[in-house]
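Novice: just coords:
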Ligand SMILES: Cc1cc2nc3c(=O)[nH]c(=O)nc-3n(C[C@H](O)[C@H](O)[C@H](O)COP(=O)(O)OP(=O)(O)OC[C@H]3O[C@@H](n4cnc5c(N)ncnc54)[C@H](O)[C@@H]3O)c2cc1C
């Protein structure tokens, strides 16, 4: 583990201790090393090698908003930058300790600000501190028969502040929306003061300030609380699995469902490559006779061909509604040639949904590069974008001369389009891991942005996507975003090099 000496002067550290308390100001190497990393592929490589790209000079644990305001007041006396740190599950370099011009980096970890502050059961609103992780939030809401309904696959380790800061999407976003749809109000402490957005269900008060703060990725201030729209916890859950002979048929079935107001909690349609990989993982010797007979039957009906794909669906709610929606969804699938295979695949995915992403960490230890990337586009552009991205992966593997595999699924569906989520694997080039990853990432992201699809549907921008922001929003759009940053953070102390391209 290579950790450079802290650049924080003793007098600055003494001032931090007077604000945050002795135990909540940490300078030791282990603490600083841990806080230098997120969970992206590059972070894992750096953790593996013990060579982070940059390390915070000091880690502090605020326990209230006033301490953060006092920290910002110190910008008049000291040269430092601030990196907000939630669950550190960012996969785009969101918590990297960049300081541009060699200022001291203060990492603000919200672990101590982790409470559900209040629940308004009448209005179905919960005010939550930024460091509250998914399980703690759902436990508190569950005790009142409520849920937020936001379940990203990083649910166990990611925080409310991180979700709001990155416009996160949960696995049930098709029905419940992304986190930005769940935010009723926010408190944001900026270097220029504190903003509290009004708590109203809707308004006609000019541009939506709240939505400018959501997704700001720590680049203009610190979210110190979010008031979230919660809902009654569903009483019943049902699953379905459907096979299609072609990916195109599955896509049309999903589109038709969403455009007929059939909105399941989860619709996840794998492409042929992901379907083959899932079936290989599922076909272990423990299969029952019934499963084997079923497999034989489907193979003979052409549903296990090279092009066939699997869709899994989940529905939550009152039993009669779930039953009705499930039937409508299956009828739609059938009209596009879908063959229902029962609830098994959906149930299996649901049970493993928080574990699957961490297979990546194990494969890394076996010399395999594994990562994911995602985008979103309209239904009319989705099939061709999928093919173009698969082509870009193939071109990247060829250029690197490594065996590789890419696969995708459609999830997070809307009436107008959907998110495409890719997983890619390649033989790791020992000693050139970062260069290899950048080549693949650049090739694919160039295709995404050139096609007009979203630069990110839910992972956010961080460092890794910042260089494409100008192409994505255009020069005038970027000027607007920079002007907002300048108004709230004129000394540019907030999360340097994230979100916006460098000046
Ligand atoms: C295995 C795995 C699965 C994942 N699955 C999903 C998924 O299903 N859906 C999804 O959307 N994402 C997913 N992600 C990405 C990641 O979990 C999300 O981006 C998540 O919202 C980050 O939350 P966090 O608390 O970990 O934030 P962090 O990683 O700590 O921070 C993310 C960004 O937000 C800023 N930030 C954090 N807290 C605050 C605050 N209080 N105020 C201001 N800025 C702040 C940070 O500075 C950083 O720029 C996954 C990641 C992993 C590793």
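Specialist: Noted; the coordinates are in hand. It should be emphasised that the depicted structure is a prediction, and the values quoted were computed from it without experimental measurement. Numbering: from 1, shown residues only.

Novice: What residues does this protein have near the ligand?
Specialist: 38-39, 83-91, 94-95, 110, 130, 152-154, 158-159, 161-163, 165-166, 168-169, 217-218, 222-223, 357, 458-460, 462, 495, 498 (Cβ under 6 Å from any ligand atom). All C-beta spots, glycine's among them, are computed from the backbone N, C-alpha and C.

Novice: let's see 5 Å
Specialist: 39, 84, 86-91, 94, 130, 152-154, 158-159, 161-163, 165-166, 168-169, 217-218, 222-223, 357, 458 (Cβ under 5 Å from any ligand atom).

Novice: My guess is residue 99 contacts residue 81. True?
Specialist: Yes. If you go by Cβ atoms under 8 Å, residue 99 and residue 81 touch, sitting 5.1 Å apart.

Novice: And the residue of this protein that's closest to the ligand?
Specialist: residue 162 (2.1 Å; Cβ to the nearest ligand atom).

Novice: Look up the closest residue to that residue, ignoring the ones flanking it.
Specialist: residue 86 (3.2 Å; Cβ to Cβ, 6 or more residues apart in numbering).

Novice: hey, where'd the strands end up in the stretch 301-450 of the chain?
Specialist: 309-317, 339-342, 368-378, 404-413, 417-427 (DSSP state E, counting those that start in this stretch).

Novice: ok, back up a step: quick one, what contacts the residue nearest to residue 162?
Specialist: 110, 130-131, 158-162, 165 (Cβ atoms under 8 Å, 6 or more residues apart in numbering).

Novice: still on that earlier bit, in PyMOL, how would I select the buried members of the residues of the chain next to the ligand?
Specialist: Buried subset of the residues of the chain next to the ligand, written as a PyMOL selection, criterion 16 or more other Cβ atoms under 10 Å:
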select buried, resi 39+84+86+87+88+89+90+91+94+130+152+153+154+158+159+161+162+163+165+166+168+169+217+218+222+223+357+458
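
Novice: Isn't residue 402 up against residue 426?
Specialist: Yes. Under the criterion of Cβ under 8 Å, residue 402 makes contact with residue 426 at 4.8 Å.

Novice: ok, residue 26 - contacts?
Specialist: 32, 58-61.

Novice: Can you tell me which of the residues you listed comes closest to residue 126?
Specialist: residue 61 (23.1 Å; Cβ to Cβ).

Novice: Starting from residue 493, give me the distance back to the residue nearest to that closest one when sequence neighbours are not counted.
Specialist: The shortest distance from residue 61 to any non-neighbouring residue, by Cβ to Cβ, 6+ apart, is to residue 24 (4.1 Å). Counting by Cβ to Cβ, to the nearest Å, the separation of residue 24 from residue 493 is 20 Å.

Novice: thinking again about what came up before, got the confidence number for the residue nearest to residue 162?
Specialist: Per-residue pLDDT puts residue 86 at 98.

Novice: now the one 4 residues further on
Specialist: At residue 90, the predicted lDDT confidence score is 98.

Novice: Next up, the contacts around it.
Specialist: Counting by Cβ under 8 Å, 6+ apart, residue 90 has contacts 38-40, 162, 166, 459-460, 462.

Novice: Of the residues you listed, which pair is most distant in space?
Specialist: Greatest spatial distance among the contacts of residue 90 (Cβ to Cβ): 40 and 162, at 13.7 Å.

Novice: Looking at residue 402 and residue 426 now, which is surrounded by more residues?
Specialist: residue 426 (21 against 16; other Cβ atoms under 10 Å).

Novice: Buried ones in stretch 268-283, by neighbour count?
Specialist: 268-276, 278.

Novice: Next: stretch 319-337.
Specialist: Buried residues in stretch 319-337 (16+ other Cβ under 10 Å): 322, 325-326, 329-330, 332-333, 336-337.

Novice: Could you do stretch 194-201 as well?
Specialist: So stretch 194-201, judged by 16+ other Cβ under 10 Å, has buried residues 194-195, 197.

Novice: Residues in contact with it: which ones?
Specialist: Residues beyond stretch 194-201 that count as contacts (Cβ under 8 Å, 6+ apart) turn out to be 65, 69, 125, 184-188, 209-210, 213, 221, 224, 227.

Novice: For it, measure first residue to last.
Specialist: 21 Å (Cα to Cα, to the nearest Å).

Novice: same deal with stretch 117-126?
Specialist: 7 Å.

Novice: looking only at pLDDT, what's the mean for it?
Specialist: Rounded mean pLDDT across stretch 117-126 is 98.

Novice: Would you enumerate the residues in contact with residue 61?
Specialist: Applying Cβ under 8 Å, 6+ apart, the residues contacting residue 61 are 20, 24, 26, 109-112.

Novice: Okay, residue 384 and residue 434: tell me how far apart.
Specialist: 31 Å.

Novice: Between these two, which has more neighbouring residues?
Specialist: Per other Cβ under 10 Å, whichever of residue 384 and residue 434 has more neighbours is residue 434, with 14 against 11.

Novice: Might you list the low-confidence residue ranges for this protein?
Specialist: 100-102, 281-305, 503 (pLDDT under 70).

Novice: what is the closest residue to residue 325 other than its chain neighbours paired to in the beta sheet?
Specialist: Distances taken as Cβ to Cβ, 6+ apart place residue 315 nearest to residue 325, at 5.2 Å, with adjacent residues excluded. Judged by DSSP bridges, the bridge partners of residue 315 are residue 238.

Novice: State whether residue 315 and residue 324 are indeed in contact, as I suppose.
Specialist: No. Judged on Cβ under 8 Å, residue 315 makes no contact with residue 324 at a distance of 9.2 Å.

Novice: The residue lying closest to residue 32 once chain neighbours are set aside: what secondary structure?
Specialist: Excluding the flanking residues, the one nearest residue 32 by Cβ to Cβ, 6+ apart is residue 55, at 5.0 Å. With DSSP: H, G, I helix; E, B strand; the rest coil as the basis, residue 55 sits in coil.

Novice: sorry, back to before: run through the residues that contact the residue nearest to residue 61.
Specialist: 60-63, 112.

Novice: Top of the residues you listed by number of neighbours, please.
Specialist: residue 62 (26 neighbours).

Novice: how close does that one get to residue 32?
Specialist: From residue 62 to residue 32 the distance is 17 Å (Cβ to Cβ).

Novice: How many residues are close by residue 367?
Specialist: 11.

Novice: before we move on, what about residue 424?
Specialist: 24.

Novice: Setting the sequence-adjacent residues aside, check what's closest to residue 259.
Specialist: The nearest residue in space to residue 259 (Cβ to Cβ, 6+ apart) is residue 415, at 5.7 Å.

Novice: what residues are shared contacts of residue 99 and residue 81?
Specialist: 105, 496.

Novice: neighbour count winner among the two?
Specialist: More crowded of residue 99 and residue 81, by other Cβ under 10 Å: residue 81, with 25 against 20.
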